[in-house]
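[1] structure, please.
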Amino acid sequence: MAERRRNYRDRGKEIDFWFLAHATFLERQELAVVRTQCSQPAAAVISTDPIFIRWLKLRLEFVVMGSFESEALPEGCAES
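    Predicted coordinates for the structure are as follows:
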């Protein structure tokens, strides 16, 4: 993730992903199905770029991929 941030900074690209060490948003009722597929406690990477998420999924183990829409960033995601 640090390498990706550095790459974005070097290219002048705005950060469009966030790492959440404690994915507490998975406790929401509408994400119950996803929660059952995850080991607990769970971490999460959230991005507005589906190509980046697919790239990341191919490089990690124990991954559940999904999507959601929200008017606000999940707790723990800071605007940068």
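
[2] state the distance from Glu61 to Ala44.
    With distances taken as CB to CB, to the nearest Å, Glu61 is found 15 Å from Ala44. Where you see a C-beta, it was placed from the backbone N, CA and C, and this is true even at glycine.

[3] my bad, Phe17
    Distance of Phe17 to Ala44, computed by CB to CB: 10 Å.

[4] follow-up on the earlier one: which one's more surrounded, Glu61 and Ala44?
    Ala44 (20 against 5; other CB atoms under 10 Å).

[5] check contacts around the more buried one.
    Phe19, Leu20, Ala23, Phe25, Leu26, Pro74 (CB atoms under 8 Å, 6 or more residues apart in numbering).

[6] swap in 10 Å and give it another go.
    Neighbouring residues of Ala44 by CB atoms under 10 Å, 6 or more residues apart in numbering: 18-26, 34, 38, 64, 66, 74, 76-77.

[7] ramachandran coordinates for it?
    Dihedral angles of Ala44 (phi, psi; degrees, to the nearest 10) stand at phi -140, psi 150.

[8] what are the bridge partners for it, then?
    Judged by DSSP bridges, the bridge partners of Ala44 are Leu20.

[9] Asp10 versus that one, what's the distance?
    25 Å.

[10] looking at this protein, which helix or strand is least sure?
    Ranking every helix and strand in the chain by mean pLDDT, DSSP states H and E puts helix 32-37 at the bottom, with a mean of 86.

[11] what's in contact with it?
    23, 25-29, 42, 44, 62-68.
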